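Peer 1: Need coordinates for the following:
(2 chains)
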Amino acid sequence: QKEVEQDPGPLSVPEGAIVSLNCTYSNSAFQYFMWYRQYSRKGPELLMYTYSSGNKEDGRFTAQVDKSSKYISLFIRDSQPSDSATYLCAMSASGNTPLVFGKGTRLSVIA
Amino acid sequence: SQTIHQWPATLVQPVGSPLSLECTVEGTSNPNLYWYRQAAGRGLQLLFYSVGIGQISSEVPQNLSASRPQDRQFILSSKKLLLSDSGFYLCAWSLNSNQPQHFGDGTRLSIL
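Peer 2: Predicted coordinates:
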């Protein structure tokens, strides 16, 4: 089993839709969770950072972590064409361990 | 605020030629520094990371090497490029291993 699993998509939604992006993981030691957005030919850009379980909201974006299910989600409300990008989840355990990334989900928001 | 610079943005090199990609960070001291390669459909592959000057950890055996000659400078090198070295190379920094990483805009390397 891979350490982090993420559906690659592509996911295509109409403008204004609510988008749900997800990752599952196998390492119960993961405590730090991140979501990145990557536009074509650009580096990933940090969207959300959460520690342990719970929800975090920032504008149209909400990140959820369910450690009991080893499942994290990113919700995008009122999606816009400018949200079209690849979304990567990332996570790490405590201590000096590098981040583990999902392979990314490609999202297209159609006007 | 902190910024990360990575250059060049694109590079075309012949097989067997040397490589040097440079990354610098401004606005912070003693950051963790990282080199990744991103191939289509394969996600981000961590190549090297450094927690301080002269301290380099290699994650995968490679035709590549990394050096950190100064606190905020990270260099990716190769003596002889292979066709399989083609890809999108990304540099990143973080305050420590548990903090989010912040990426540069990458170098797209094509080997002919």
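Peer 1: So which bits of chain A are right by chain B?
Peer 2: Applying Cβ under 8 Å from any Cβ of the partner chain, we find that chain A lies next to chain B at A:8, A:31-32, A:34, A:36, A:41-46, A:49, A:88, A:90, A:92, A:94-99, A:101-104. (Glycine included, C-beta is placed from N, CA and C.)
Peer 1: Those residues, buried ones only, as a ChimeraX selection?
Peer 2: Restricted to buried positions by 16 or more other Cβ atoms under 10 Å in any protein chain shown, the ChimeraX selection for the residues of chain A next to chain B reads:
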select /A:31,32,34,36,42,43,44,49,88,90,92,98,99,101,102,103,104
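Peer 1: Next, the residues that contact stretch A:31-38 from outside, please.
Peer 2: Under the criterion Cβ atoms under 8 Å, 6 or more residues apart in numbering or on different chains, residues A:21, A:44-52, A:61, A:63, A:65, A:72, A:74, A:83, A:85-94, A:99, A:104, B:98-100, B:103 lie in contact with stretch A:31-38.
Peer 1: from the residues of chain A next to chain B, which ones fall inside strands?
Peer 2: Within these, membership in strands is found for A:31-32, A:34, A:36, A:45-46, A:49, A:88, A:90, A:92, A:101, as judged by DSSP state E.
Peer 1: Quickly check the residues you listed for the two that are furthest apart.
Peer 2: With distances taken as Cβ to Cβ, the most widely separated pair in those is A:Q31 and A:E45, at 22.4 Å.
Peer 1: Now do A:N96, the pLDDT please.
Peer 2: According to the model's per-residue confidence, A:N96 sits at a pLDDT of 69.
Peer 1: Pairing partners for the longest strand along chain B, with directions?
Peer 2: Secondary structure of chain B read by DSSP E shows that its longest strand is strand B:43-52. In the sheet, strand B:43-52 lines up against strand B:32-39 (antiparallel), strand B:55-58 (antiparallel) (DSSP bridges).
Peer 1: For my notes, please list these in CSV and give mean neighbour count and mean pLDDT for each entry.
Peer 2: As requested, those are arranged in CSV below (neighbours: other Cβ atoms under 10 Å in any protein chain shown; pLDDT from 0 to 100):
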stretch, mean neighbour count, mean pLDDT
strand B:32-39, 23, 94
strand B:55-58, 14, 91
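Peer 1: Show me the shaky parts of chain A.
Peer 2: Scanning chain A for pLDDT under 70 picks out the ranges A:1, A:95-96.
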